[in-house]
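> Following is a predicted model, sequence given first.
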Amino acid sequence: MTAVISQKTEIDPERGSSGSVVRIMLDAAGVGGHLVRRLVDVAPDAAYAGTAGTGGELWFVISGTARLELSGRDERLEAGPEHGLRIPGGTDYRLSAAGPEPVQLDTVMLPGPFVNAGGSSSLAVKLADCPAEMTGDRRFRVLFGPGRGCSVATQFVGEIPPGRAPEHSPPYDEVVLVLAGQGVVHTGPDEHRLAAGTCVHLPPGQPHCLENTGTDPLIVLGVFHPGGSPAQKEKR
């Protein structure tokens, strides 16, 4: 298996039954992986509704303020930009805009079966409330992971300063979405440009490194399975 690269502007959108616009950025099940990533745009007069995959899903609100209703729960959750959301497997959901601005949402479907969360049982986490951790000169914050509400996968946001990190080969299946900045992902002898809206699938054991070629931080949203710490890497 090799890395798979996609760009939001190159993916044909699909119209959902409740008016949302969905782009399937990655369906790794078709290329030997386990994760499915979607970018969802929800206008103020639309909604995103469905049933979570059997393994559960990890969501991230990129922009806008969302209102989320889940089956079996009386309360509604509200989540603004940079909120992570954990959707238990098999749960019916309906997400709509809580204000006049549209919502952009990243969703990653995890492989089943669903495993009850360990540690925290929270369904919503704000990025700013997550402690900052360092690996080399790169900072990251984990929203969900083992001991943080999701025992089987990890969702994190990383900040990469200008420059290139050493190549490494993590043992997990990973999808990375560029939120801001520009750079290059090196996968062995191959190079691929990175910009906001680029999605990268890195299968287990794929040698790679991310390089920030700009002057501002390269901000990435990552999900990997099985869960762990982004600081734990197998270096080559």
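Sure thing, it's come through.

> ok, residue 61 touching residue 79?
Yes: using CB atoms under 8 Å, residue 61 is in contact with residue 79, at 5.1 Å. C-beta: built from backbone N, CA, C; applies to glycine.

> Which residues are in contact with each of those two?
Residues touching both residue 61 and residue 79 (CB atoms under 8 Å, 6 or more residues apart in numbering): residue 85.

> tell me the domain boundaries of the chain?
Domain ranges of the chain: 13-126, 128-225, per automatic domain parsing.

> Out of those domains, which is closest to residue 2?
domain 128-225 (6.8 Å; CB to CB).

> Identify the residues contacting the residue located most distally from the centre of the chain.
In the chain, the residue that sits farthest from the middle, by CA atoms, centre = their mean, is residue 74; the gap is 26.6 Å. Residues counted as contacts of residue 74 (CB under 8 Å, 6+ apart): none.

> Just the pLDDT for it.
Residue 74 carries a pLDDT value of 83.

> Also residue 236?
On the pLDDT scale, residue 236 gets 40.

> coming back round to it: distance-wise, check the residue farthest from the centre of the chain relative to residue 199.
35 Å (CB to CB, to the nearest Å).

> Please give me every residue in contact with residue 91.
Each residue near residue 91 by CB under 8 Å, 6+ apart is listed here: 51, 52, 70, 71, 72.

> who's in contact with the residue lying closest to the first one once chain neighbours are set aside?
Put plainly, it is residue 51. Spatially, and ignoring its direct neighbours in sequence, residue 51 is nearest to residue 92 (5.2 Å; CB to CB, 6 or more residues apart in numbering). Shown in contact with residue 92 (CB under 8 Å, 6+ apart): 49, 50, 51, 52, 70, 71.

> Where does pLDDT dip in this protein?
Counting by pLDDT under 70, the chain shows low-confidence ranges at 1, 29-33, 116-121, 232-236.

> and residue 57, what does it touch?
86, 87, 89, 107, 108, 109, 110.

> what sits opposite it in the beta ladder?
Listed beta-bridge partners, residue 57: residue 87, residue 109 (assigned using DSSP bridges).

> What's the separation between it and residue 36?
Residue 57 is 9 Å from residue 36, by CB to CB.

> likewise residue 27?
Counting by CB to CB - residue 27 and residue 36 are separated by 5 Å.

> higher neighbour count, these two?
Using other CB atoms under 10 Å, the more surrounded residue of residue 27 and residue 36 is residue 36, with 21 against 15.

> With adjacent residues omitted, what lies nearest to residue 56?
residue 89 (4.2 Å).

> just residue 50 next, same as before
residue 93 (6.4 Å).

> chain center to the helix or strand hosting that neighbour: distance?
When elements are assigned from DSSP states H and E, residue 93 belongs to strand 92-97. With CA atoms, centre = their mean, to the nearest Å as the basis, strand 92-97 stands 18 Å off its chain's centre.
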